[in-house]
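A.B. asks: only geometry, no sequence info:
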């Protein structure tokens, strides 16, 4: 059994104990409203899928949705995948960290995100991350593609179960707007229409992506499979981040916050879909 990288379970206060008491990470004015709208759009754009949040940047979205969807049929669809390749390709990782790729594959297999598990899933998986250049998505998709080819698994069966939701910084739109997926050759490995983008305010994107305190250390190839990565850490910055994560979870569980989410969700074009309307109803009841 592979020991997964550690992250505190924010859904159980007894498990957290006194760790959630004390100073939490600061958020800017307007964060609460903006992250709620972001959660709504992620649900709408991901489709009727399982939701896997990639790396540390979207962890607050995962934490808040974990509260918003708690006690609904969608709660078990949420997953947080600790993953960072830091601009290394697979060959470089194998050279510098010989056991790392096997460790990452074991981790993905436990999360039912191996190529074979993806192909056999009843629903697609939407991988969700903040996007600038799309490098993380590129590394993840190529890792899965090479794995599938190595075990002679039909990539088409795998790619049909993959969706990507890129969370981008909102800018003025024009015919000349730069869109990350239009400049990536690897996108051809996915099904047509598999990529969706959710634009969010610059304040929120930069906060989540650049300077927010995080609950965990980045899970880079040097740490893939490392015993140290399976142990809790108690730095003051991480504890502050944990307290904000727990607050987002608890806030999401309140009736008032869920009603706010439902009120935002009904404005999305996805309301035309039966699965989406059913989700809105679940959140409200």
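C.D. replies: Yep, it's here. No experiment lies behind these values; they were computed from the predicted model shown.

A.B. asks: so what's residue 174 scoring on pLDDT?
C.D. replies: Looking at residue 174, its pLDDT reads 62.

A.B. asks: What segments of the stretch 101-250 of the chain are helices?
C.D. replies: Assigned by DSSP state H, counting those that start in this stretch, the stretch 101-250 of the chain shows helices spanning 115-120, 135-150, 155-159, 202-206, 236-253.

A.B. asks: Kindly reformat these as TSV containing distance to residue 86.
C.D. replies: (Glycine included, C-beta is placed from N, CA and C.) What follows is these, written out as TSV (distance: least, CB to CB, whole Å):
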stretch	distance to residue 86
helix 115-120	23
helix 135-150	9
helix 155-159	24
helix 202-206	20
helix 236-253	20
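
A.B. asks: any chance you could map the strands in the chain?
C.D. replies: 50-54, 78-81, 125-130, 162-169, 195-200 (DSSP state E).

A.B. asks: List the neighbouring strands of the second one plus their orientation.
C.D. replies: Paired neighbours of strand 78-81 in the sheet (DSSP bridges): strand 50-54 (parallel).

A.B. asks: neighbours of the residue nearest to residue 233 when sequence neighbours are not counted, just the number please.
C.D. replies: Leaving out its chain neighbours, the residue that sits closest to residue 233 by CB to CB, 6 or more residues apart in numbering is residue 217, at 6.8 Å. A count of neighbours around residue 217, defined by other CB atoms under 10 Å, yields 17.

A.B. asks: Enumerate every residue touching residue 217.
C.D. replies: By CB atoms under 8 Å, 6 or more residues apart in numbering, the contact list for residue 217 reads 223, 229, 233, 238.

A.B. asks: do the same with residue 240
C.D. replies: Residue 240 neighbours (CB under 8 Å, 6+ apart): 22, 23, 24, 25, 213.

A.B. asks: JSON lines please, covering the helices of the stretch 101-250 of the chain and showing mean pLDDT.
C.D. replies: Listed next are the helices of the stretch 101-250 of the chain as JSON lines, based on pLDDT from 0 to 100:
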{"stretch": "helix 115-120", "mean pLDDT": "98"}
{"stretch": "helix 135-150", "mean pLDDT": "96"}
{"stretch": "helix 155-159", "mean pLDDT": "98"}
{"stretch": "helix 202-206", "mean pLDDT": "97"}
{"stretch": "helix 236-253", "mean pLDDT": "97"}
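
A.B. asks: nearest to residue 82, of those helices?
C.D. replies: Among these, the nearest to residue 82 by CB to CB is helix 135-150 (11.9 Å).

A.B. asks: returning to that earlier point: which stretch among the helices of the stretch 101-250 of the chain approaches residue 75 most closely?
C.D. replies: Going by CB to CB, the one of these nearest residue 75 is helix 236-253, 10.8 Å.

A.B. asks: so who does residue 19 touch?
C.D. replies: So residue 19 contacts 8, 239, 242, 243 (CB under 8 Å, 6+ apart).
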